[in-house]
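>>> Prediction below, plus the sequence it came from.
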Amino acid sequence: MRARIGGMVKRGARGGSRIAAATRVGVFAAADIGSNSIHLLVAVSDGVRQETILDESLPSELGRLVERHGEIGSRAAREVGAVIRGYADRAQRLGAMQLSVVGTEPLRRASDRKEALRSIADASGQAPSVLSHEEEGLLTVLGLLHGHDHSRRLIVADIGGGSTEVVLLHPDQDPRTFGISIGSARLLARIDYADPPRPRDWHELRRAAQVALADIPRQRRGRLVLVGGIATRLLKLVPSTVLTREILREDLAAMGEQMAHTQAKEIAERHGISPRRARLLPAGIAIIEALLHQTGADELVVDHGGIREGLIIALARCGSSWRGHLTELVGESRRAGA
């Protein structure tokens, strides 16, 4: 079981881990370069527990650039590098030995990936690691912050701007990861969703989401665990869910219908979020509804963890060799939480 001890989130005992000897306590910093945001997390961790020192993000247009032009471009890459350089300086001042940087969907898809990575590294002194869909999904599972019953089926989903990572966790089975190259921003662009929405937009959005997720195997019941910005913003729309983190199907449906007839600016003002983020919410809800339909999940909860939290744990446990141990780390985490 996970519990909060001394202000840190405990994830379960390490037991007889084969990699426990490499674990160290320290301040770690992780950044991820996504379609809509560039995030930084600085935290103290011993590989089991974690306490956040700094968690922040800056908006990114990488997803839009790749969607429109197929590439990131040297100017945008240098701007990302400048952000990462600033993050590295802040992390160092907060006690982190180094900043570990990962990239997700825009860097996976960009035709100029090699050039963009070189420009980011030249501008920041940090060489980002581009995650595969599988690595992104496993880091997300590793970063779950709240206790979940691993004796039942879990479906973990991270809905980003450019992609959705889904991990199916069955008791006594290895994780199955699915990377779908459709996220909230890409889904909106695919159907040319208007603001304010036209009468047909919500129907087309939901249909496009169901088509995009059709390859995920159907499940029989289970808990759908949502992580990422879309998920946490949903909690602001239904304040009664903040303590339980559970979202009822009827509340989700009501939110979708509300979004289908409301301008993004009005949603932003009503719920205290940016218009840019508010515009992505209808697509996020459509993807969640498609996930519920496809997976057969009978419970929907939000977890505040994710890629960066998982990377912090992996760095504390394995150092720079974390990429070769992700499956093992997730297995240990699941056994500890069972």
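That came through, no problem.
>>> I'd like the distance from residue 284 to residue 248, if you could.
Look at residue 284 and residue 248: by Cβ to Cβ, to the nearest Å, they are 17 Å apart. For glycine as for every other residue, the C-beta is placed from the backbone atoms N, C-alpha and C.
>>> higher neighbour count, the two?
residue 284 (30 against 14; other Cβ atoms under 10 Å).
>>> Quick check, residue 185 in contact with residue 65.
No: with contact defined as Cβ atoms under 8 Å, residue 185 and residue 65 do not form a contacting pair (11.2 Å).
>>> For residue 223, see how far away residue 292 is.
Residue 292 is 11 Å from residue 223, by Cβ to Cβ.
>>> scratch that, residue 252
Residue 252 is 15 Å from residue 223, where distance means Cβ to Cβ.
>>> Give me the mean pLDDT for the stretch of helix or strand residue 206 belongs to.
In this structure, residue 206 sits in helix 201-212 according to DSSP states H and E. Mean per-residue pLDDT for helix 201-212: 94.
>>> how about it: buried residues?
Neighbour-count burial for helix 201-212, counted by 16 or more other Cβ atoms under 10 Å, picks out 201, 202, 204, 205, 206, 208, 209, 210, 212.
>>> Who has more neighbours out of residue 185 and residue 65?
Counted by other Cβ under 10 Å, residue 185 and residue 65 do not tie: residue 185 has more neighbours, with 23 against 20.
>>> Give the helix, strand or coil label for residue 50.
Three-state assignment for residue 50 (DSSP: H, G, I helix; E, B strand; the rest coil): strand.
>>> quick one: low-confidence ranges for the stretch 51-200 of the chain?
For the stretch 51-200 of the chain, the stretches with pLDDT under 70 are 145-147, 150.
>>> where do the strands sit along it?
99-103, 129-130, 154-159, 164-169, 176-180 (DSSP state E, counting those that start in this stretch).
>>> helices and strands around the fourth one, which ones?
Translated: strand 164-169. The helices and strands touching strand 164-169, judged by 3 or more Cβ pairs under 8 Å, 6 or more residues apart in numbering; DSSP states H and E, are helix 133-142, strand 154-159, strand 176-180, helix 275-295.
>>> export these to CSV and tack on distance to residue 106?
Output for the helices and strands packed on strand 164-169, formatted as CSV (distance: least, Cβ to Cβ, whole Å):
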stretch, distance to residue 106
helix 133-142, 12
strand 154-159, 15
strand 176-180, 14
helix 275-295, 15
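>>> Ok, which of these comes nearest residue 53?
helix 133-142 (19.2 Å; Cβ to Cβ).
>>> neighbouring contacts of that closest one?
102, 104, 108, 131, 156, 158, 163, 165-167, 169, 175, 177-179, 227, 305-307, 309-311, 313-314, 323, 326-327, 329-330, 333 (Cβ atoms under 8 Å, 6 or more residues apart in numbering).
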